[in-house]
Every structure is written in C-alpha cells, then in structure tokens.
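Peer 1: Fold the stuff below for me.
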Amino acid sequence: MRIALLGPLEVRTDAGRPVQVGGPRLRTLLILLALEAGRVATTQWLIDGVWGEAPPVGAANALQALVSRLRRAVPELPVESHPAGYRLAIPPDQVDVARFERLVGAPPGPPRGGPPPPPPPRG
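Peer 2: So this is what the prediction gives:
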C-alpha cells in the first residue's frame, strides 16, 4: 500500500492499482492515520482531527463507524484497533510525507559522478 499526501490524496495497492476514497471525513481519517503510519493514533486525536471543535454526540462510536467505512472502502488497508485508538499497520516509508521527512533529514550523499567535496575549512 502506498499513500501520497503531498499533493492530492492518492492511495495505491501494492500492485500499483489506484484506490478511490470518497467523502471528506473518510479522506481526513485516512490522512490522519497515514500521518501516524505504524503508530497508534489516539481516539481523541482522531476525533479532533475529523470533527474539530464540533464532534458528534457519541464521537467514539461515530469514529468506530468511520473506521469501518474506511475498511470497507479500502479492504487492503491494514487498520488495526488498539485500546488507545487505531493504527495504520504499514511502514512509515509507504507514506510520501514520512519518506520525504526521512530523506530531508538524511545527510547528503556524494555528488553524482565524483568523490564527495572536502569539508569546509575550520577557523
């Protein structure tokens, strides 16, 4: 599963097939889970992210129903229940934002076609 958040939301299966996720709340839930890929996103954090300052009565049940809709919409998406919330059980690198953050934080490699430049002079 590959999830692109930089630009329009795009979800692709491992085989590269695009998957449509309809509805703004469903897309918001998927984005929130993808931002925490591999980690548990707490129920309260998801409720705040989906509904903001106006959550529905029975927000935890509404979230549970929304997660069920997401599982039906994208059966290949491994969304796990956890006592504290939900976890998108994919490696973070399968989400473009996490991959970008990792690469930006990585030390630069040598320039293509030659040895690395010498370190700047100290002093």
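Peer 1: the helices in the protein, which residues?
Peer 2: With DSSP state H as the criterion, the chain has helices at 24-35, 43-51, 59-73, 96-105.
Peer 1: now those as JSON lines including mean pLDDT?
Peer 2: JSON lines is the format used below for the helices of the chain (pLDDT from 0 to 100):
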{"stretch": "helix 24-35", "mean pLDDT": "96"}
{"stretch": "helix 43-51", "mean pLDDT": "95"}
{"stretch": "helix 59-73", "mean pLDDT": "97"}
{"stretch": "helix 96-105", "mean pLDDT": "89"}
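Peer 1: for those helices, which one sits closest to Arg2?
Peer 2: helix 96-105 (7.8 Å; Cβ to Cβ). C-beta: built from backbone N, CA, C; applies to glycine.
Peer 1: Give me the contacts around that closest one.
Peer 2: If you take Cβ atoms under 8 Å, 6 or more residues apart in numbering as the criterion, helix 96-105 is touched by 2-6, 34-35, 37, 92-93.
Peer 1: Show the buried residues in those residues.
Peer 2: 2-3, 5, 34-35, 37, 92 (16 or more other Cβ atoms under 10 Å).
Peer 1: for those, which one is nearest Ile47?
Peer 2: Leu35 (15.1 Å).
Peer 1: What separation is there between the closest residue to that closest one other than its chain neighbours and Gly58?
Peer 2: Counting by Cβ to Cβ, 6 or more residues apart in numbering, Leu35 lies nearest to Val97, which is 6.7 Å off, once chain neighbours are set aside. Remark: distance between Val97 and Gly58 (Cβ to Cβ, to the nearest Å) = 31 Å.
Peer 1: And those two? Which one has more around it.
Peer 2: Val97 (16 against 10; other Cβ atoms under 10 Å).
Peer 1: I'd say Val79 and Ala73 touch.
Peer 2: No. With contact defined as Cβ atoms under 8 Å, Val79 and Ala73 do not form a contacting pair (10.7 Å).
Peer 1: now the most centrally placed residue in the chain: how far from Val104?
Peer 2: For the chain, Ala34 is the residue whose C-alpha lies nearest the centre (Cα atoms, centre = their mean; 1.3 Å). Relative to Val104, Ala34 is positioned 18 Å away (criterion: Cβ to Cβ).
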